[in-house]
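**Q** My questions concern the predicted model and sequence given below.
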Amino acid sequence: MTHFTDKVAVVTGAGSGIGRALAVELARRGAKLAICDVDTHGLADTEALVKRAGAEVKVDHLDVSQRELVLAYADDVVAHFGQVNLVFNNAGIAFTGEVEAMSFKDIDRVMDVDFWGVVNGTKAFLPHLIESGDGHVVNISSIFGLFSVPTQSAYNAAKFAVRGFTESLRQEMVINERPVKVTCVHPGGIKTNIARNAEQVEGLDHDKLAGSFDKLARTSPAKAADVILKGVEKNKARVLIGADAWVLDKFVRLTGAGYQRGVSAFSKRAGL
């Protein structure tokens, strides 16, 4: 028996990366899974891995930015399993470009998925989590929800927003004595395809940008999933993933707004 045995867990963005690793690890620990993504091929691969681990799984194509679809999805999951205990709002995208060069549409798309997708998932499942008597919301922010970097303004905005939303939610659940725990996750560089799948403003070299990210990504998705689930078991308010996340968090705490000078200098030298 584990902390997750026979619990029903929802994982968005489960077609690859941290989402897939979470689904597989939850399956190994005895959870029942509802997994979704817009990437149907990746989702099918995750489904096979989850089934191989012996878990019952419900698989759905879902765009988390589409609120009505997310609300309907929550009802479908509860109808299928009878309850929901954990929701991992993990789905996300990235976009690179300076504010001056980005269109409103570029910014909207990142916010729609990375922030509103988290809000949609939280709001859709929260009543069911409360009803379960043993709920947990796990929202994936980022190391970029702790500090900002050039060319990532939209991503930074979304991930800072996820952090604020999640920390507020945790306090509300405590104040109102709801049976729902809340955790905000801040991964550092994780070896996923988010940079490879990202878009950018015209004129930037996609392969160079992805290559730069790959050099900084040191933590495996499997390790990230393990750290997240340990944090959930301990009901941590915040989970940092990777040595880079811990070091940079301390750097920001020590320097305050002064961190921006260091990050700007590093970004310029690295050509980011």
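**A** Sure, I can see it.

**Q** how about the helices in the stretch 151-272 of the chain?
**A** All helices of the stretch 151-272 of the chain, identified by DSSP state H, counting those that start in this stretch, fall at 153-175, 194-197, 206-216, 221-233, 243-255, 259-270.

**Q** Give me the neighbour count for Arg178.
**A** By the criterion of other C-beta atoms under 10 Å, Arg178 has 16 neighbours. For every residue, glycine as well, the C-beta is placed using N, CA and C.

**Q** and Leu209, what pLDDT?
**A** If you check Leu209, the pLDDT there is 47.

**Q** before we move on, what about the one 10 residues further on?
**A** Per-residue confidence at Thr219 stands at 93 (pLDDT).

**Q** thinking it is in contact with His186, fair?
**A** No. Taking contacts as C-beta atoms under 8 Å, Thr219 lies outside contact range of His186: 12.0 Å.

**Q** ok, Arg29 touching Lys7?
**A** No. Counting by C-beta under 8 Å, Lys7 is not a contact partner of Arg29; they are 9.0 Å apart.

**Q** between these two, who's got more neighbours?
**A** The residue with more neighbours, out of Arg29 and Lys7, is Lys7; 22 against 18, by other C-beta under 10 Å.

**Q** which ones are touching the more buried one?
**A** Contact partners of Lys7, counting by C-beta atoms under 8 Å, 6 or more residues apart in numbering, are Gly30, Ala31, Lys32, Asn85, Leu86, Asp134.

**Q** what would the helices of the stretch 151-272 of the chain look like in CSV with distance to Asn139 and mean neighbour count?
**A** Shown next, in CSV, are the helices of the stretch 151-272 of the chain (distance: least, C-beta to C-beta, whole Å; neighbours: other C-beta atoms under 10 Å):
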stretch, distance to Asn139, mean neighbour count
helix 153-175, 4, 19
helix 194-197, 16, 17
helix 206-216, 22, 14
helix 221-233, 11, 19
helix 243-255, 16, 15
helix 259-270, 24, 13
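
**Q** Please report the distance of Phe4 from Ala74.
**A** Distance, Phe4 to Ala74, using C-beta to C-beta, to the nearest Å: 20 Å.

**Q** Give me the pLDDT value at Asp76.
**A** pLDDT recorded at Asp76 is 98.

**Q** Roughly how far does it sit from Phe125?
**A** Taken as C-beta to C-beta, the span from Asp76 to Phe125 is 12 Å.

**Q** Of those two, give the one with the bigger neighbour count.
**A** The neighbour count for Asp76 versus Phe125, taken as other C-beta under 10 Å, is higher for Phe125 (28 against 14).

**Q** That one - nearest residue in space that isn't next to it in sequence?
**A** Val87 (4.6 Å; C-beta to C-beta, 6 or more residues apart in numbering).

**Q** Burial check on the one you found, number of neighbours?
**A** By the criterion of other C-beta under 10 Å, Val87 has 28 neighbours.

**Q** Confirm that it sits in a strand.
**A** Yes. Under DSSP: H, G, I helix; E, B strand; the rest coil, Val87 sits within a strand.

**Q** what residues are up against it?
**A** Val87 sits in contact with Ala9, Val10, Gly121, Thr122, Phe125, Leu129, Gly135, His136, Val137, Val138, where contact means C-beta under 8 Å, 6+ apart.
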